[in-house]
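Colleague: Take a look and give me a structure for this.
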Amino acid sequence: MSENGKLRLTELGALVERSQPIVMVTAYDYPSGRLADAAGVDLVLVGDSAAMTVLGHDSTVPATMDEMVMLARATSRGARRPLVIGDLPFGSYQVSDEEAVRNAIRFVKEAGMDAVKLEGAGPALSRVRAIVGAGIPVMGHVGLTPQSATMLGGYRAQGRTAGAARRLLDEALALEEAGCFAVVLEAVPAPVAAAVTEALEVPTLGIGSGRECDGQVLVLHDILGLYEGRSARFVKRYAEIGASIRDALERFAAEVRAGEFPAEEHTYSIPDDELAAFEGGLADRPPSRRGR
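Modeller: This is a model prediction of the structure:
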């Protein structure tokens, strides 16, 4: 830990050496960041899945850099101890190394991120090298990469043939060689993810990729039952906060309509003499137009 209690990037390797799985949560705002911090998670990813869970889109693609910076800035205010990672959205790094570095710097300077994440290998490798060369840590992401899900045939598991599994392993190794400090493996068959994890020196974070990864990540809205869209097979709900919220709102609406809220204990008083003086000054006020 650093002097302010912040988890150091170099401590991730120590967790792996102790066989202590790394815990990462995807969150998008100050309350979520604060709760993740209080729960003791190691990493908080401000993911571009916010396009779906927070902004109401059908995919991650519409998320803009400005939107991600705003969400990341709020999350970092709450998540003080974990490492906080900004997810570079579609279009923010595909054009050029220079554009990728520029947007990674925005995440660090404007939003207080400790690192950034990007998807894929191939052309993304030069982006990784450029961003790392600018002094910003990068997390890689292979397997199911939502920004390019259409090219992958939709939201489905990857690496399910021998050739595809080998390509996935090669991509992960290339990301490590390019300078990534960790690699997310999404929707990868567990034996393939285990082989990738064994081959890499840097930690792997699995999402739908089995327990042999060095750590696990889930989206906070999935964990809490807040997202009502179609959930992936790997999602496990640990609470149904969405149903509780809906119930609370329904009870609030019912009490307002029944005249039960606010009750006396929810209102403020005024001294009798001040009220009398106030009402005395209203003698010449125009008649009420409200019909009551």
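Colleague: end to end, how far does stretch 19-33 reach?
Modeller: End-to-end distance of stretch 19-33 (CA to CA, to the nearest Å): 25 Å.
Colleague: Buried residues in stretch 92-105, which are they?
Modeller: Judged by neighbour count (16 or more other CB atoms under 10 Å), stretch 92-105 contains these buried residues: S92, Y93, Q94, D97, E99, A100, V101, N103, A104, I105. Yep, even glycine has a C-beta here, placed from its N, CA and C like the rest.
Colleague: Quick check: mean pLDDT of it?
Modeller: Mean pLDDT, stretch 92-105: 97.
Colleague: and if you look at stretch 175-185?
Modeller: On average, the pLDDT along stretch 175-185 is 98.
Colleague: which residues of the protein fall in helices?
Modeller: Counting by DSSP state H, one finds helices in the chain at the ranges 11-17, 30-39, 50-53, 65-78, 97-111, 124-133, 162-178, 190-199, 220-223, 241-257, 272-280.
Colleague: Max pairwise distance over the buried residues of stretch 92-105: which two?
Modeller: Greatest spatial distance among the buried residues of stretch 92-105 (CB to CB): Q94 and I105, at 16.8 Å.
Colleague: Flag the shaky bits of the stretch 151-292 of the chain, pLDDT-wise.
Modeller: 151-155, 229-230, 291-292 (pLDDT under 70).
Colleague: OK, contacts around the nearest residue to M70 once chain neighbours are set aside?
Modeller: In space, and not counting its chain neighbours, M70 is closest to A111: 8.0 Å by CB to CB, 6 or more residues apart in numbering. A111 sits next to V46, M68, V69, M70, A72, R73, S76, G86 when contact means CB atoms under 8 Å, 6 or more residues apart in numbering.
Colleague: Please name the residues that touch the third one.
Modeller: The reference is to V69. Contacts of V69 (CB under 8 Å, 6+ apart): G86, R106, F107, E110, A111.
Colleague: Quick one: buried ones out of those?
Modeller: G86, R106, F107, A111.
Colleague: I figured the second one hits M65, correct?
Modeller: Yes: assessed by CB atoms under 8 Å, R106 is found in contact with M65 at 6.7 Å.
Colleague: so what's G215 closest to, chain neighbours aside?
Modeller: I22 (2.8 Å).
Colleague: number of nearby residues for the residue nearest to V132 when sequence neighbours are not counted?
Modeller: In space, and not counting its chain neighbours, V132 is closest to G179: 3.7 Å by CB to CB, 6+ apart. A count of neighbours around G179, defined by other CB atoms under 10 Å, yields 17.
Colleague: G179 and R129 touch, don't they?
Modeller: Yes: contact criterion CB under 8 Å: G179 and R129 qualify, at 6.0 Å.
Colleague: Next, give me the two most distant ones among the contacts of V69.
Modeller: Most distant of these, by CB to CB, are G86 and E110, 9.7 Å apart.
Colleague: circling back to that earlier point, can you add distance to G143 and give the helices of the chain back as TSV?
Modeller: Formatted as TSV, these follow (distance: least, CB to CB, whole Å):
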stretch	distance to G143
helix 11-17	19
helix 30-39	23
helix 50-53	18
helix 65-78	21
helix 97-111	21
helix 124-133	14
helix 162-178	6
helix 190-199	8
helix 220-223	17
helix 241-257	28
helix 272-280	68
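Colleague: Compare these and give me the one nearest S148.
Modeller: Proximity to S148 (CB to CB) singles out helix 124-133 among those, at 10.3 Å.
Colleague: Give the other helices and strands that the closest one contacts.
Modeller: Under the contact criterion of 3 or more CB pairs under 8 Å, 6 or more residues apart in numbering; DSSP states H and E, helix 124-133 touches helix 97-111, strand 138-143, helix 162-178.
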